[in-house]
Every structure is written in C-alpha cells, then in structure tokens.
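1. A predicted structure for the sequence below; I have some questions about it.
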Amino acid sequence: MFAAAPATLYTFALLVVPFLFLVWLSLHDYDATTGYGNIYTLRNYLHLAQYQSYIESLVGTAKLGVVVTVLAVIVGYPIAYYIARSGSRFVPLVTAVVVMPMFVSVVVRGFGWMVLLGRDGPLNQLLVTLHVIRTPAQFLYGWSAIVVSLVHVEVPLAILPIASVLRGIDAALDDAARSLGASGPRVFLTIVFPLSLPGVAAGGLLVFSHAIAAFILPALLGSEHIKLMSTMIYQQIMSIGNVPLGAALGVVMVVSAFGLIALLKLVPTRFKA
Amino acid sequence: MPSVSTAGTQVATAKVSGLRKVSGPRALQCLYVTVFVGFLLAPLIVVIGASFDPRALLRFPPHGISLRWYDAALHSPFMSAARLSLTVAVLATVSALVLGVPAAWALARFEFPAKTFVNSLLSAPLLVPQLVIGVTLLQIFAGLHLGASVITLALAHILITLPYVIRIIHASILGVDVSIEEAASNLGANRLRVYLTIVLPVIRPALYSAALFAFLVSFDDAVVALFLVSGATTTLPIAIYTYVQYDLDPTIAAISSMLIVVSVALMYVARKLAPIDRLT
C-alpha cells in the first residue's frame, strides 16, 4: 500500500541509515583533526571493556536503571491499583495528574527539582524548621537527586501499563476467592498480584529502557563524579570529539535498549502460557 | 462497574485484617494518593510559585506576588529561542501529519507486503534512545555538510513526532466503521477520494489531537535538539537547559511556568479530543 510508503521511507532514511552510519563510525580509529580516521578497528568496543571509567559508566548506568525501575514500580503500583480498581470519584483527577505532566519538558522538571532540593530550597527550609537537620544539606549534584527526579519523570510509564492490566482482571475472581473465605490481602497476593505481573514487567522494562538513556536530569542534577553512558556519549561527541568512541557507546546503548524490548515482547506470552 | 462494589467489600474486609496496603483502610489509601500527587506536582508548583516572588532570588514559597519576572522573560533573549521552537514545532507537526495520517490509514485498513516490518519500523523512533537519535542525526547532517538550522531541527522532530501521529490516528481509524469507506469505493470512489472525502472528515477530532501531541513533543524536546542546535539557532528547552547549568534566577522560573501552562493546557485539550491510553 503506497499510503504508508512516504512515512516508512522517511523513518528508514533518518533512523536506520544514520544508525548504520553510527555503527560504521564506531568501527574506525580516532583522528584528532577529522574526528575519525581510515583504519577499521574494534578498539573502541575493547576500550569500553578495558578502561576503568568506561566500565564505571556501564555499571553506573545499569545500577541507575535498576534502582529507578524498582522504585518506580513500587511507588507506582499502589497508584495503578487505585486508578484501576478503587472506583473512587477522584480517579479521573489522579489519572490527569499522572498523565498531564508527561509532556512538560524534562528541562523544566529538572529545573523544578533544582529549586526544590537547593540549599535555600523549600525542602531544606522545611527540614530545618522541623529540626530534622540543623543546617541546610546538599541534596543536589548526587545520585539521590538523579534517582528522585528520574523516578518522578518515569513513574507514569510504570503506572499506565500496570493500571491497564489491573483493569482487565475480572472482579468476579476476587468475589469468588472472597466467598471461599480468602481475606483481602490473600486475594491480592494469590490472585490479583500474580495476574498483574505482565503489566509490572511491561512497565518496568519501559522505565528501565528510558532510565538508562536519560541525559538531561543526570546532567543537571548530577556531578562530574557520576559517570553514566549518556553523559559519556555527550562528552565524547560534543566536547572531546572522539566520534568513534562516542558512536560505540551509542551502539551499546541501542543494543541494550532493543535487547530489553525483545525481552518485553517475550514476557507477557510466558505469563499467559 | 463491578469494581465500585468490590472497593466497598475490600474496605469491609480490611477492618478484620488490620492495616494492610492491599485492601487497606480508605484513610491510608487517601494519604498515599495525596502524598504521591504532591510528589508529582511539587517541582512544577515550586517553579510556578518562585516565578511570582518579587525579590531577585529564586525562593519558594514566594514573598508576595509580582509579575516583574514575566515582564523580564518576555523581553529576554529567550523569546527568540521560543520563536524558533514555535517555527520548528509547526513545521514538524504539519509534515508529520502529512506523512503519518496516510500511513496510519494504510496500517489500519489494508494488507500489504512487510506490513509487520513497516509497523515496527514506524514505532522504532520511540524505542531508540533520543540521545542516540540526536547523535546519529548530528553525524549524518555533518557528513552532508548541513549546519544547524530550522530545517535540520524540523527534520529531526518529524522523525520523533511521527510515531505519536501514527498511533493516535491508527487507533481512531480502527474505531470507525469501515462500511462507509467500503460503500464509497463500491460506488466508484478511488482510494485518494475515499481518503480525502471520507477518512479525513470522519477522524477530524483525532487529527487535532495528533497535531497537538506532535506539537508538544517537538516544542518540549530537549534531547534530540541538544545535538542539533548552535549558538544562533537554539530552541527554548535548550536555552533553558544551558542557562540553568550556570545560573538559577526567577526569569527562568517565569519562562518555565509559561511552558508548564502551555504544555498542560495542550495536553488537556488533546486528551479531550481523543482518548489516549498508550503514549509510549
């Protein structure tokens, strides 16, 4: 059908072709004047496995991804449950609060966290007033600020798939279990929660694949001591100009993201079987 | 809705089983939801609050109400960045609709070779990390000797807005009875005519919704654009990003507040026009 051809060609030309070009670049040596030389080599990929700072960035990125994913799912699950099954009249309002800020620029939200967590910010003021701490503490420019802001941005991506799976669970199952004498928590733990796992898997992998690629929030709220793949890519390409090494990092990031998405396609069918 | 009665029963059972999160007492549920809503809104409220503080300090809660930072923002260099963002977003939105709407129609209504592949390719820009999209486009544009301009930014934004347009329009076309289109073609209308006189008018609310989403995605993008801007051509989110790395002041709060209001308002209208359950 010709109607899909222009969009397909466009995506192919601006996504697939540039990516193949990136793979090609990543197989070159570094040249200080032109960015990349003429020699084909796998050295960039070996670099990533050999040098301390690159290993640190890969490990740091994976850790950040796991922590943000686990927190987003734990924080988001009860909200998804509330949206899908509480029947409360506030559900439309809470759903709106979850969905609306999704398209507020991440720069603006990062700025919000900078104000909120700053030395003279409201959080420090509150903690000093309540005598929790004596002098304002530095919350910014560290792992905790990155994690909190990333959970804030990613939690809707966990909530929406979990809520949609929870909504699909037949309430008659609850009634049946309860009429057979199961307590509320038992109904949840033995029936509702296991049935909601495909949603947890989908939401979790979505959050993970976004968190490992996050750049703006780590750049704004982190420090130079925190090494991540995304900040490394930016540094290599934009500041140092080592295009082949930056390209190799980019290829590793895409391969990990797509590996996860392949996993995501696998998981729900497993649960159904 | 059976879930309403279920909620009632759950509360009743909870009295026996004590304080448990699962079916938990309504008070605990209320508290958790309130705290969560507070967490989600806090950074936005702080920005909006700080933008009204009359002092030249970025503080929340504000000491008094003043619009001086809005006045400063409207006369700052950020406005030229905002104009550029607007131009790029309009170009990207229009092009993404022109490319995406027919594609969504084809995916919804027709069988063609490699349809599964086309479908995955068209949603791939959502799956490839935006940072990498930015890097790859920078390399390609540099290879073609194309410097940073409105055009290169728009080309990049068409790519990232296209999947949203296709998803929204695809879902909307699937919700429309195919028999109108069949009747038209049985009466001799060719596909172009069916598309222009039947499909487009029928899905009009979804077209507006798709346009708003595409506009928002482009206007708020700060990752892809990061690699494609230069000193002279910079978008509003990038201008803010660059600025807050060195300085935090109430002018930024005023600009950010305006961005928040615009984003939330457009999102509200877009959701009213077409229900969207899957954005990612």
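-> Cool, got the structure.
2. am I right that B:L146 falls within a strand?
-> No: assessed with DSSP: H, G, I helix; E, B strand; the rest coil, B:L146 is coil; it does not lie in a strand.
3. wait, it touches B:A156, no?
-> No: B:L146 is beyond contact range of B:A156, at 11.1 Å (criterion: Cβ atoms under 8 Å). C-betas here are computed from N, CA, C, even on glycine.
4. of the two, which one has the most company?
-> Comparing B:L146 with B:A156 by other Cβ atoms under 10 Å in any protein chain shown, the one with more neighbours is B:A156, at 27 against 14.
5. which strand or helix spans that one?
-> Per DSSP states H and E, B:A156 falls inside helix B:150-174.
6. isn't B:L121 right up against A:A13?
-> No: if you go by Cβ under 8 Å, B:L121 and A:A13 don't touch, sitting 11.2 Å apart.
7. neighbour count winner among these two?
-> Using other Cβ under 10 Å, the more surrounded residue of B:L121 and A:A13 is B:L121, with 19 against 13.
8. now do the more buried one against A:L228, distance only.
-> 29 Å (Cβ to Cβ, to the nearest Å).
9. try A:L25
-> 21 Å.
10. more neighbours: the two, which one.
-> A:L228 (26 against 23).
11. so that one sits against A:I216, correct?
-> No: taking contacts as Cβ under 8 Å, A:L228 lies outside contact range of A:I216: 11.8 Å.
12. would you list every one of the helices in the chain?
-> Since you didn't name a chain, this refers to chain A. Taking DSSP state H as the test, the helices found in chain A are A:5-11, A:17-26, A:43-50, A:52-85, A:91-99, A:106-117, A:122-129, A:143-167, A:171-179, A:184-187, A:193-211, A:216-221, A:229-234, A:243-272.
13. you answered for a different chain; I wanted chain B.
-> According to DSSP H, the helices that chain B contains are B:2-17, B:26-51, B:68-74, B:78-109, B:115-127, B:130-143, B:150-174, B:179-186, B:191-194, B:200-202, B:204-220, B:236-244, B:250-273.
14. now mean pLDDT and distance to chain A too, for those, in CSV please.
-> Listed next are the helices of chain B as CSV, based on pLDDT from 0 to 100; distance: least, Cβ to the nearest Cβ, whole Å:
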stretch, mean pLDDT, distance to chain A
helix B:2-17, 43, 4
helix B:26-51, 89, 3
helix B:68-74, 81, 13
helix B:78-109, 93, 4
helix B:115-127, 88, 5
helix B:130-143, 90, 4
helix B:150-174, 92, 5
helix B:179-186, 87, 13
helix B:191-194, 86, 8
helix B:200-202, 89, 12
helix B:204-220, 90, 4
helix B:236-244, 90, 5
helix B:250-273, 87, 4
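15. I'd like those helices laid out as TSV, including distance to A:L166.
-> Shown next, in TSV, are the helices of chain B (distance: least, Cβ to Cβ, whole Å):
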stretch	distance to A:L166
helix B:2-17	10
helix B:26-51	15
helix B:68-74	43
helix B:78-109	28
helix B:115-127	24
helix B:130-143	29
helix B:150-174	21
helix B:179-186	35
helix B:191-194	40
helix B:200-202	33
helix B:204-220	25
helix B:236-244	34
helix B:250-273	21
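16. minimum distance to A:F19: which of the ones you listed has it?
-> A:F19 lies closest to helix B:130-143 among the helices of chain B, at 5.5 Å (Cβ to Cβ).
17. the closest one - contacts with which helices or strands?
-> Contacts defined by 3 or more Cβ pairs under 8 Å, 6 or more residues apart in numbering or on different chains; DSSP states H and E place helix B:130-143 against helix A:17-26, helix A:229-234, helix A:243-272, helix B:150-174.
18. what's the closest of the ones you listed to A:V207?
-> Using Cβ to Cβ, the nearest of the helices and strands packed on helix B:130-143 to A:V207 is helix A:243-272, at 10.4 Å.
19. anything in that closest one near chain B?
-> Yes: legend: contact between helix A:243-272 and chain B by Cβ under 8 Å from any Cβ of the partner chain is shown at A:243, A:246-247, A:250, A:253-254, A:257-258, A:261.
20. mind giving me the packing neighbours of that helix?
-> Helices and strands touching helix A:243-272, by 3+ Cβ pairs under 8 Å, 6+ apart, are helix A:17-26, strand A:28-31, strand A:35-40, helix A:43-50, helix A:193-211, helix A:229-234, helix B:115-127, helix B:130-143.
21. comparing the ones you listed, which comes out most buried?
-> Mean neighbour count (mean count of other Cβ atoms under 10 Å in any protein chain shown) peaks for helix A:229-234 among the helices and strands packed on helix A:243-272, with a mean of 25.
22. distance from it to the middle of the chain?
-> Between the centre of helix A:229-234 and the centre of its chain there are 15 Å (Cα atoms, centre = their mean, to the nearest Å).
23. give the contact list for the residue of the stretch 101-250 of chain A found nearest chain B.
-> The stretch 101-250 of chain A approaches chain B most closely through A:G112 (2.7 Å), counting by Cβ to the nearest Cβ. Contact analysis of A:G112 by Cβ atoms under 8 Å, 6 or more residues apart in numbering or on different chains lists B:42-44, B:46-47, B:256.
24. filter those down to the buried ones and express that as a PyMOL selection.
-> A single PyMOL command selects the buried members of the contacts of A:G112 (16 or more other Cβ atoms under 10 Å in any protein chain shown):
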select buried, chain B and resi 42+43+44+46+47+256
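25. report pLDDT for A:H225.
-> pLDDT for A:H225: 82.
26. ok, B:V118 - contacts?
-> A:4, A:8, B:103, B:107, B:112.
27. again but with B:A210, I slipped
-> With Cβ under 8 Å, 6+ apart, B:A210 has these contacts: B:97, B:100-101, B:164-165, B:168-169, B:274.
28. do that again at 10 Å, thanks
-> B:93, B:96-97, B:100-101, B:104, B:161, B:164-170, B:172, B:203, B:270, B:273-274, B:276 (Cβ atoms under 10 Å, 6 or more residues apart in numbering or on different chains).
29. ok, it to B:Y70 distance?
-> B:A210 is 31 Å from B:Y70, by Cβ to Cβ.
30. now B:R193
-> Look at B:R193 and B:Y70: by Cβ to Cβ, they are 50 Å apart.
31. and those two? which has more neighbours close in?
-> Between B:R193 and B:Y70, B:Y70 has the larger neighbour count (other Cβ under 10 Å), namely 18 against 12.
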